[in-house]
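Q: Sequence isn't available, so here's the structure alone:
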């Protein structure tokens, strides 16, 4: 029955797509995030669904979609350069066969991120893709939230519907993504135009945010706790009533902390005593090995280059004292546990530079949009700054969460980057006068009227 429901959903998207090519884009987003072919028992797991939707999306765009004013942005050029560099390091990889396994899905994520902004020409399309991404991720998050409330969960034991510790189903990854989409959920609940602004929509928005905050608890991941703290700080920046906000956060913490499972609080305490935690010590050893490796191989070792590492771990207690005979452990072929060191080890300094430039330039562009439109009035403009803010906050959460998770090529973040590029292109195309003004005073009333006279 599960297979038949998924087949019906996909066939429905395809049927509608003949009249609305953008729906193929939404179908690809759903397939890439949820991976229904991995959830199914038969039929779908033998069909290349991602490839089918990708070809339909590109074909529909080339055949019938509006392409007026379409051009490459600077970040799309960076993505193309990063794709080319990854192709080169794959051909020269230390482990050619293993590298091809990762390359098989990385190039698809990068190519789709390059293509996607061309289709995001209207506010409705931007919101529709964001909504589809949020609801797709929520099909995983809601399951985890319900199980957490009912007493399930634990580090490495929370079943999110698929018994596979990969992709969004991995604990730290889903924790990072769940917290990163909280600002986007709040934006859609307040400014979204797809659903009516009804109390039911607001209620589900709050419930979904609550489920997102439960995921780090259910998965017992330290990464999630750090991401939640970051969201709280970022929200304070834009709060009009900062003292009331801080008081509310303090009251919420006072109520929530005593209700947290003992296993969760015990694991969070290991953030301070990381020297005695084997997991944390292993990460530090891998990062140290990676830094030494990239100094000898500035171009990186290609995908999965970590397979050659050999580690010596010196465990201590929380006071830095050795743990006697058990203070030394040996390990090998341990993953990077950090997107930053993943990029350094696999793509070297050139790849890391392109990756960092992609993220930093995106954050800078979003900050420009925030400042340009933060005092905008009227339905046609007042949504731009809040959307830029939500995307910026989500992006920052990813960058902090990825310090501790090797998700440099996670497709979800590249879809988010594509939306950021699409938003910038939309503003540049429809409001060129305002878009050209950089940091500083807002456009004059005459310029603003001129920009608003353009079609939205």
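A: Structure's in. What do you need? Since the model is a prediction, treat every value here as computed from it, not as a measurement.

Q: Let me see the ranges of the strands in the stretch 251-400 of the chain.
A: If DSSP state E, counting those that start in this stretch is used as the criterion, the strands of the stretch 251-400 of the chain fall at 310-314, 328-332.

Q: Give the phi and psi angles for the closest residue to residue 118 other than its chain neighbours, as a check.
A: Counting by CB to CB, 6 or more residues apart in numbering, the nearest residue to residue 118 once its immediate chain neighbours are dropped is residue 70, at 5.4 Å. (Each C-beta comes from the backbone N, C-alpha and C, glycine too.) According to degrees, to the nearest 10, the main-chain angles of residue 70 amount to phi -70, psi 130.

Q: Could you do residue 182 as well?
A: Dihedral angles phi and psi of residue 182 (degrees, to the nearest 10) take the values phi -60, psi -50.

Q: and stretch 56-75, what's its mean pLDDT?
A: Averaging pLDDT along stretch 56-75 gives 82.

Q: May I see the buried residues of that stretch?
A: Taking 16 or more other CB atoms under 10 Å as the neighbour-count basis, stretch 56-75 is seen to contain the buried residues 56-58, 60-61, 65, 73, 75.

Q: Could you identify the most distant pair in those residues?
A: Farthest apart among the buried residues of stretch 56-75 by CB to CB are 56 and 75. That separation is 25.0 Å.

Q: State the pLDDT value of the nearest residue to residue 302 once chain neighbours are set aside.
A: Take residue 302 and drop its neighbours on the chain: the residue closest to it by CB to CB, 6+ apart is residue 93, 2.5 Å away. Model confidence at residue 93, given as pLDDT, is 94.

Q: Now do the same contact list for residue 93.
A: Taking CB atoms under 8 Å, 6 or more residues apart in numbering, we find residue 93 in contact with 99, 301-305.

Q: Could you rerun that using 10 Å?
A: Residues in contact with residue 93, defined by CB atoms under 10 Å, 6 or more residues apart in numbering, are 99-100, 102-103, 300-305, 346.

Q: Kindly list the main-chain dihedrals of residue 220?
A: With angles defined as degrees, to the nearest 10, residue 220 shows backbone torsions of phi 50, psi 50.

Q: re earlier: PyMOL command to pick out the buried ones of the contacts of residue 93?
A: The PyMOL command for the buried members of the contacts of residue 93 (criterion: 16+ other CB under 10 Å) is given here:
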select buried, resi 99+102+103+300+301+302+303+304+305+346
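
Q: Report the two of the contacts of residue 93 separated the most.
A: Farthest pair in the contacts of residue 93, by CB to CB: 100 and 300, 15.6 Å.

Q: circling back: relative to residue 373, which of the buried residues of stretch 56-75 is nearest.
A: Lowest distance from residue 373 to the buried residues of stretch 56-75 (CB to CB) belongs to residue 73, with 18.5 Å.

Q: Distance of the closest one relative to residue 336?
A: 29 Å (CB to CB, to the nearest Å).

Q: just residue 426 next, same as before
A: For residue 426, the distance to residue 336 equals 36 Å [CB to CB].

Q: So for the two, which residue has more residues nearby?
A: Taking residue 426 and residue 336 together and counting by other CB atoms under 10 Å, residue 336 has the greater number of neighbours (24 against 20).

Q: Please state the offset of stretch 173-190 from the chain centre?
A: 9 Å (CA atoms, centre = their mean, to the nearest Å).

Q: Quick check: mean pLDDT of that stretch?
A: Averaged across stretch 173-190, pLDDT comes to 93.

Q: ok, for residue 351, nearest residue in space, not its chain neighbours?
A: Residue 351's closest residue in space is residue 85 (CB to CB, 6+ apart), at 5.1 Å.
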